[in-house]
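K.L.:
Build me a structure from this.
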Amino acid sequence: MTYLPEDSPKQNRLEVIKQALKDKAPLTYASLETSGKLQEYLEAHDDEMMARYSDARKKAWEDTLQSFLGFADSCCDETSSPM
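P.N.:
Okay, here's the model as predicted:
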């Protein structure tokens, strides 16, 4: 099961990022590990990933509200409204 990022503890996200980096970019992983900068990289990547997720979630919510709360009376012209 895939959990949403806010449901996943940060340590779990860091492990997922670490494993993906190790699998997909082993030379970069080795370089970061050797230089002692792996944890710093993982933390920065997680921060950026969560910021992007937060922005996307906010936009999705705004789009949803606009789509579902954009009520209008289709039968009536606003100029003839009793209000």
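K.L.:
Now for the residue nearest to residue 38 when sequence neighbours are not counted: which residues touch it?
P.N.:
Spatially, and ignoring its direct neighbours in sequence, residue 38 is nearest to residue 32 (4.2 Å; Cβ to Cβ, 6 or more residues apart in numbering). In this view, the C-beta of every residue, glycine as well, is placed from N, C-alpha and C. If a contact means Cβ atoms under 8 Å, 6 or more residues apart in numbering, then residue 32 has 21, 38, 41 as its contacts.
K.L.:
what's the distance between the last one and residue 76?
P.N.:
In other words, residue 41. Applying Cβ to Cβ, to the nearest Å, one obtains 59 Å for the distance of residue 41 from residue 76.
K.L.:
got the contact list for residue 45?
P.N.:
Residues in contact with residue 45, defined by Cβ under 8 Å, 6+ apart, are residue 17.
K.L.:
switch to 10 Å and redo it
P.N.:
Residues in contact with residue 45 (Cβ atoms under 10 Å, 6 or more residues apart in numbering) are 13-14, 17-18, 20-21.
K.L.:
Give me the buried entries from the residues you listed.
P.N.:
Buried subset of those (neighbour count, 16 or more other Cβ atoms under 10 Å): 13-14, 17-18, 21.
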